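Participant: after the sequence you'll find the predicted model.
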Amino acid sequence: MSFLDKSRFGGGGFGRKILRNIAEVVLILIAVAGFLYLGFLGNAAVTRYKKVKAAMVYEEVLANNSIQNEIENKDTEQYYMASVMLYYQVVEDGSAETIEDIANEKKEQRLKEEQEKKKEQEKKKTVTLASRGSYSVTDRERDLLEKIVMAEAGAEPYEGKIAVVNVIMNRVAHKSFPNTVTGVIFQKGQFIPAINGTIWKMKPTASVKKAVQEALNGKRAVDKDVLYFLNPELATDHSIPRTKKFVKRIGNHAFYK
């Protein structure tokens, strides 16, 4: 029988060699499938570990903030719940960032937001007026005060800047003048920079801003009954010196009541 005949009928060592090759291929496929299954199990275990870690970090953050009295309402707790949801999303997406890094970043972001809120609240100062009760100075009015002080007393001594704010707030408190900062500054015939529009071109210096802040906080350069000031060398209307009582002079400005 020829070689071809033996191959056709499975005779000799050729058939055994084919069976051996098939067995080796099957073993390789089984090994590959086993490795893939183990890899799947490993990835699932790592993912679960990260999720558990995220939950632990969440509880730790809540505990720390409870100690610091930072969690005061449901909105704050919902903020952290949203953060944990983000942690889970990061885990699912396979981000390289660690849960701890994200937790710290979120905490720093929240503290920064709280600091910004405190700054905004501090800007809205409440000034107590003798005859008109309390008065809340808005951000726009603070800006107007800074501009008018820059225009009227930008080159004056620091005490003179505070005195100008005192006069304006004294007028707000007085029944003979408008009861708002805006009304006093733009009252007809009073402040030249407000009349001719140069007030809008003013860029207050740090010194002016500080003077306005301190004056709103209660610092005084003139008493509560002082309602007028002018530069005697530049004034064209001399009715105030004739009809009002002189109090003091600060820099180039004379103050009257």
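Facilitator: Here it is on my side, so go on. Residues are numbered from 1 along each chain as shown.

Participant: correct me, but residue 173 touches residue 224?
Facilitator: Yes - using C-beta atoms under 8 Å, residue 173 is in contact with residue 224, at 7.1 Å. For glycine as for every other residue, the C-beta is placed from the backbone atoms N, C-alpha and C.

Participant: give me the distance between the two termini of stretch 232-239.
Facilitator: 11 Å (C-alpha to C-alpha, to the nearest Å).

Participant: try stretch 186-204
Facilitator: Rule used - C-alpha to C-alpha; the end-to-end distance of stretch 186-204 is 18 Å.

Participant: buried ones in that stretch?
Facilitator: The neighbour-count check on stretch 186-204 (16 or more other C-beta atoms under 10 Å) flags 186, 191, 193-194, 199, 202, 204 as buried.

Participant: ok, now stretch 167-183?
Facilitator: Result for stretch 167-183 [16+ other C-beta under 10 Å]: buried residues 167-174, 177, 181.

Participant: between those, which is nearest residue 249?
Facilitator: Ranking the buried residues of stretch 167-183 by separation from residue 249, with C-beta to C-beta as the measure, puts residue 167 on top at 13.7 Å.

Participant: returning to that earlier point: could you identify the most distant pair in the buried residues of stretch 167-183?
Facilitator: 174 and 181 (13.0 Å).

Participant: name the element residue 144 belongs to?
Facilitator: Assigned by DSSP states H and E, residue 144 falls within helix 139-153.

Participant: swap in residue 135?
Facilitator: strand 133-136.

Participant: hang on, the earlier thing: kindly reformat the buried residues of stretch 186-204 as TSV containing distance to residue 31, pLDDT and secondary structure.
Facilitator: Compiled in TSV, those are given as follows (distance: C-beta to C-beta, whole Å; pLDDT from 0 to 100; DSSP: H, G, I helix; E, B strand; the rest coil):
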residue	distance to residue 31	pLDDT	secondary structure
186	87	95	coil
191	90	93	coil
193	88	93	helix
194	88	94	helix
199	84	95	helix
202	81	94	coil
204	78	95	coil
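
Participant: kind regards, and thank you for your time.
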